[in-house]
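Student: return atomic coordinates for the entry below.
(2 chains)
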Amino acid sequence: MDKSKIKELKKLSAQARHAMVDMLICAGCGHPGGAMSSVDMMTALFFDQLKIDPKNPDWDERDRFILSKGHSSIGLYAVMHFRGFFDKETLLTFRQDNSILGGHPDMHKVPGVEMSTGSLGHGLSVGIGLALAAKMDKKDYKTYVLMGDGETQEGSIWEAAMSAAHYKLDNLIGIVDRNMIQIDGRTEDVMDLEPYVEKWKAFGWNVVEIDGHDFEQILPTLKKIPFESGKPSLIISNTVKGKGISFMEDTHKWHGGGLKGEDAEVAKKEAAVLIKEHE
Amino acid sequence: MAMQGMRNEYGKYIVELANKNKNIVALEADLKESTQSIQFQRAYPERYVEVGIAEQNMVGIAAGLSLAGKIPIAHSFACFISMRSCEQVRTTIAYPNLNVKFLVTHGGISTGTAGTTHHAIEDIAIMRSIPNMTVLVPGDVAEMKQVVEAAFKHNGPVYIRLGAGDAWDIYTEKDKFEIGKATEIRSGNDATIITTGIMMYEGMQAADILKKEHGLNVRVLQMASVKPLDEISVQKAAEETGKIITVEEHNLLGGLGGAVCEVVAEQGNAKVKRIGINDKFCGVGSATCLMEEEGLTIKKIVDEVVNLCGGKL
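Tutor: Numbers count the residues shown, from 1 in each chain, chains lettered A, B, ... in the order given. So this is what the prediction gives:
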């Protein structure tokens, strides 16, 4: 295990959380909960795993990343900013009038965004199309699709899951940000997803479950892709909704919302502490 | 005059196009014999994606293939693409303006005795209200081939609607289809019949009867390009003939008739009579029986034109 790499990623994800707090204050709106829960995974992907080139976002051989849970755009934008896709000034225009950074990402506006997303349950099918095209063209790139756990209540996800296994897409990686919470409450109260691992397995995927905040688990898991030849890989990334900002953690109340007043002050302080911890 | 099977001829033609362009890939949702995409599968199995009975997934996969540089054409019945996967078509194809084509069959009420579940009388209205979408409804085999070819030359999503049955050959050598342009099948200045899809035949026959029996010179415009609509031709028809009759195998709301009325109301000065399905679900019957019930007949068109022209029946 590369300790310096892990230290670097921890620092980067702390910086991303800090930037997200700034964005939530500037915009006065956003979806912090699921972005805070998935930002460690996106940091690992963008800084260690994905074959990408911020200077050449349309590079033909790049790995493809689709944020199927498009409302977590705030985390994606923060990570992409630090990776060099656009500057800090642009980042802070998030959800402002005429910004390129809308509440849900637009592929034609944001360099490096592979697909416009926002309506839940669409992204996995799009990833299958990309993975099938890679097989047709004998290309090596991999396609990663990050979904929310609540999102997988959509029937279209299971249509897609079935077809990915049917076409033996071992170049496709699904990642579920399993933070256990959706807008209306806890996933198990709103619509029970369990037995979750078994569901994906039954649909023909090779499933690995990890702590989605622990880079010592995230990195080696990503390095093992594909988990099995001839099967799509699924990572269930167990996370805490709102991770990193105390009052946002493990509550559906911060699925969506901007920061102001005392909340903003507390969040700023906590984000500053996170950065200090990983300096 | 002869009739040809539109679907079978489509199946042959898409293979011809695929021979010339290796980026064309086809998708199917378990209706390959009905849509005749089976011919593509036989020719290019490695460029063919069967998704099973899962239209939403099919449309999403088409989006992904398009992102990778393929030109996908997704097949199913009109009712399923336009309604079951409507949101995928709107949000994941049309919003990012991806270069994906839809070839739907069994548009309108031509499935006949299959019943209401398999009719599609809403699809043109749905599709034409989606930004970036082009909506094409050819009326015979020659026009269908030109429509499909034009769809692939156009960079962006296109919805191509075929019926289930055979179609009379109407296009002559001189008739050329172009996206956004009407094709003039008959010239005349007493009234204008505007048709789409296979109603081109009824429109043309009606014009011939009107000339022979009533001495009326009626213009017939085939509007396979329902969106973009040939607004200039509609405006000219309004100005030059003052009377327009639209004919479509679709709900009266929001289809060709609605589109023509939008133009005439804003730009023209003409009386418009729409012939179509009167905002109701059609029951069980052969295509011919249902068409008669809904007034999608030569006789009905003749009567309406005569009425508009002063009632000299």
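
Student: what sits against the residue in the stretch 51-200 of chain B that chain A sits nearest to?
Tutor: Residue nearest to chain A within the stretch 51-200 of chain B: B:Gly64 (1.9 Å; Cβ to the nearest Cβ). C-beta here means a position set from N, CA and C on the backbone, and glycine is covered the same way. Residues near B:Gly64 by Cβ atoms under 8 Å, 6 or more residues apart in numbering or on different chains: A:115, A:125-133, A:143.

Student: contacting residues for the nearest residue to B:Ser187 once chain neighbours are set aside?
Tutor: Spatial nearest neighbour of B:Ser187, excluding adjacent residues (Cβ to Cβ, 6 or more residues apart in numbering or on different chains): B:Arg219 at 5.8 Å. B:Arg219 is in contact with B:184, B:186-189, B:191-193, B:207, B:237, B:240-241, counting by Cβ under 8 Å, 6+ apart.

Student: pull the most distant pair out of those.
Tutor: Using Cβ to Cβ, the two most remote members of the contacts of B:Arg219 are B:Ala207 and B:Glu240, lying 15.2 Å apart.

Student: so which bits of chain B are right by chain A?
Tutor: Contact residues (Cβ under 8 Å from any Cβ of the partner chain) of chain B with chain A: B:25, B:46-47, B:49, B:51-52, B:54, B:56-70, B:72, B:87-88, B:91-92, B:95-97.

Student: select from those every entry located in strands.
Tutor: Per DSSP state E, strands hold the following members of these: B:25, B:49, B:72.

Student: distance to A:Gly148 for these - can I get that in TSV?
Tutor: TSV is the format used below for these (distance: Cβ to Cβ, whole Å):
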residue	distance to A:Gly148
B:Val25	30
B:Val49	26
B:Pro72	27
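
Student: about what we covered before: most neighbours among the contacts of B:Arg219, which one is it?
Tutor: Neighbour counts for the contacts of B:Arg219 peak at B:Ile193, which has 33 neighbours (criterion: other Cβ atoms under 10 Å in any protein chain shown).

Student: burial of A:Ile66, as a residue count?
Tutor: A:Ile66 has 27 neighbouring residues, counting by other Cβ under 10 Å.

Student: which residues does the strand or helix carrying it contact?
Tutor: Under the criterion of DSSP states H and E, A:Ile66 resides in strand A:64-67. Residues external to strand A:64-67 that are found in contact with it (Cβ under 8 Å, 6+ apart): A:42, A:45-46, A:50, A:52, A:73, A:76, A:105, A:113-115, A:117, A:123, A:126-127, A:130, A:141-146, B:67.

Student: dump that strand to CSV, restricted to CA.
Tutor: Listed next in CSV are the C-alpha coordinates belonging to strand A:64-67 (Å, rounded to 0.1, in the frame of the first residue of the first chain):
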residue,chain,number,x,y,z
ARG,A,64,-15.4,6.9,-18.9
PHE,A,65,-17.0,8.0,-15.7
ILE,A,66,-20.8,8.6,-15.4
LEU,A,67,-22.2,10.2,-12.4
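
Student: next one: that strand to chain centre, how far?
Tutor: 9 Å (Cα atoms, centre = their mean, to the nearest Å).

Student: now do that strand, average pLDDT.
Tutor: Here strand A:64-67 scores 98 as its mean pLDDT.

Student: list the strands paired with it, with their directions.
Tutor: The pairing partners recorded for strand A:64-67 under DSSP bridges are strand A:143-148 (parallel).

Student: the partner strand: which residues count as buried?
Tutor: In terms of neighbour count (16 or more other Cβ atoms under 10 Å in any protein chain shown), strand A:143-148 has its buried residues at A:143-148.

Student: can you give me the strands for chain A?
Tutor: Along chain A, counting by DSSP E, strands occupy A:64-67, A:143-148, A:172-178, A:181-182, A:185-186, A:206-211, A:233-238.

Student: ok, now which ones touch residue 190?
Tutor: Unless you meant another one, I'm taking chain A. With Cβ under 8 Å, 6+ apart, A:Val190 has these contacts: A:150, A:153, A:182, A:184.

Student: actually, chain B is the one I wanted.
Tutor: Shown in contact with B:Asp190 (Cβ under 8 Å, 6+ apart): B:210, B:216-218, B:241, B:243, B:309.

Student: counting neighbours, which of these comes out on top?
Tutor: Highest neighbour count within the contacts of B:Asp190: B:Val218, with 28 neighbours (other Cβ under 10 Å).

Student: right, and that residue touches B:Val302 too?
Tutor: No - taking contacts as Cβ atoms under 8 Å, B:Val218 lies outside contact range of B:Val302: 9.4 Å.

Student: what's the overlap in contacts for the two?
Tutor: Shared contacts of B:Val218 and B:Val302, defined by Cβ under 8 Å, 6+ apart, are found at B:206, B:210.

Student: flag the shaky bits of chain B, pLDDT-wise.
Tutor: B:312-313 (pLDDT under 70).

Student: please pick the buried ones from the contacts of A:Val190.
Tutor: A:150, A:153, A:182.

Student: just to revisit the earlier point, which among the contacts of B:Gly64 count as buried?
Tutor: By neighbour count, with 16+ other Cβ under 10 Å, the contacts of B:Gly64 hold A:115, A:125-133, A:143 as buried.

Student: can you put the residues you listed in a markdown table and add pLDDT and distance to B:Pro131?
Tutor: Listed next are the buried ones among the contacts of B:Gly64 as a markdown table, based on pLDDT from 0 to 100; distance: Cβ to Cβ, whole Å:
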| residue | pLDDT | distance to B:Pro131 |
| --- | --- | --- |
| A:Met115 | 98 | 18 |
| A:Ser125 | 98 | 21 |
| A:Val126 | 98 | 19 |
| A:Gly127 | 98 | 25 |
| A:Ile128 | 98 | 26 |
| A:Gly129 | 98 | 22 |
| A:Leu130 | 98 | 24 |
| A:Ala131 | 98 | 29 |
| A:Leu132 | 98 | 27 |
| A:Ala133 | 98 | 26 |
| A:Thr143 | 98 | 27 |
